[in-house]
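# Predicted model, plus sequence, below.
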Amino acid sequence: MSYPLKIVVIAAHPDEAEMYAGGTVRRLADKGAAVKFMTLTNGDAGHHEMERGPLKRRRAREAYAAARHLGVVDYEVFDIHDGELVADIELRRAVIAAICRWQADIVITFHDDCPGHLDNRAAGRVVSEAVDFCMNANIVGYLPPLAQAPICLKMTDYGAIPTHRHDVVVDVGPSIDAKLRACAAHATQFLEFAPFERGFLAEAPREGDWAAERPFVLKHWPEFMYVVDGMRPALKARYGTERGAAIEFAESFDIAPYGRQVDAAAVYELLDL
């Protein structure tokens with residue numbers, strides 16, 4: 001029997017895996033990969049009007065709706081308050097269990113050591129500490145350990161942009177609409193909270209108006225949609241000079257110094273994108 005490539009994307013809040021890795025995930029799912037999203041908080045602080053309880057439930061519904069656009073087969077939301085994520089032993093054990101239960105070949109997560117949201121940094125830190133224990137049968141004894149360490153990739157966010165390396169860059173033009181639909185499914189963030197915080201709430205379209213949502217998300221989050229400075233050499237190396245120069249939408253990953261150590265060529269061969 002042939003088993004699919006298994007990937008887990010571990011973020012801090014619902015909507016982040018979609019924004020930073022959604023296009024790559026959609027393309028992998030289309031090729032038969034089994035993808036799981038995991039967010040280590042429930043996102044219950046991310047709104048200017050809603051209280052924690054109703055917001056938590058709404059964000060979970062948004063996450064499940066977004067998963068359908070990306071072909072994600074499992075979306076796990078930890079019930080930890082937004083803004084209170086701590087990379088402690090209990091969380092590390094839960095992350096080890098999740099990686100082992102999924103039998104992940106690839107783990108995608110945040111950078112652990114840079115400026116930015118403390119929850120994001122804590123998510124990256126706990127994954128970096130958990131991965132090397134995933135081959136040990138005694139840490140989470142009720143689950144089989146991994147046979148080999150997973151390849152670990154770091155996705156970018158606002159705080160990581162200055163230090164992020166474009167080791168592996170994927171053309172997400174074929175999946176950009178699926179990614180944008182997944183982002184728009186998180187209306188609390190893309191149509192409400194972030195526009196309120198950043199001062200363009202009056203521009204936000206009505207939820208469900210896809211014709212208006214698409215250009216709105218592209219306009220206000222371009223650095224996570226379009227090819228940006230630094231990506232082009234990797235794109236040309238992967239796809240050839242002509243195609244690499246023409247690619248409009250891409251996602252970038254930094255090969256982590258933990259997990260199975262491979263070069264970019266090995267990652268591209270495994271992803272086959």
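Yep, it's here.

# use CA for all of it now, contacts and neighbours both
Will do.

# Low-confidence regions, the stretch 151-273 of the chain specifically.
For the stretch 151-273 of the chain, applying pLDDT under 70 flags no range at all.

# ranges for the helices of it?
Along the stretch 151-273 of the chain, counting by DSSP state H, counting those that start in this stretch, helices occupy 176-185, 187, 194-198, 210-220, 232-239, 241-246, 264-271.

# Deepest in the core, which of those is it.
helix 176-185 (a mean of 24; mean count of other Cα atoms under 10 Å).

# tell me what the following helix or strand past that one is packed against?
Remark: after helix 176-185, the chain's next helix or strand is helix 187, criterion DSSP states H and E. Of the remaining helices and strands, none touches helix 187 by 3 or more Cα pairs under 8 Å, 6 or more residues apart in numbering; DSSP states H and E.

# contacts for helix 187?
Helix 187 has contacts (Cα atoms under 8 Å, 6 or more residues apart in numbering) with 62, 207.

# switch to 10 Å and redo it
Under the criterion Cα atoms under 10 Å, 6 or more residues apart in numbering, residues 15, 58-59, 62, 193-194, 204-208, 213 lie in contact with helix 187.

# Please compute how far it lies from its chain's middle.
Centre-to-centre, helix 187 and its host chain are 17 Å apart (Cα atoms, centre = their mean, to the nearest Å).

# still on that earlier bit, got a winner among the contacts of helix 187 for most neighbours?
Highest neighbour count within the contacts of helix 187, by other Cα atoms under 10 Å: residue 15, with 28 neighbours.

# show me the contacts for that one.
Applying Cα under 10 Å, 6+ apart, the residues near residue 15 are 22, 37, 39, 43, 59-60, 62-63, 66-67, 182-190.

# pLDDT value on it, please?
pLDDT for residue 15: 98.

# now the strands for the stretch 1-150 of the chain?
With DSSP state E, counting those that start in this stretch as the criterion, the stretch 1-150 of the chain has strands at 6-11, 34-39, 74-77, 106-110.
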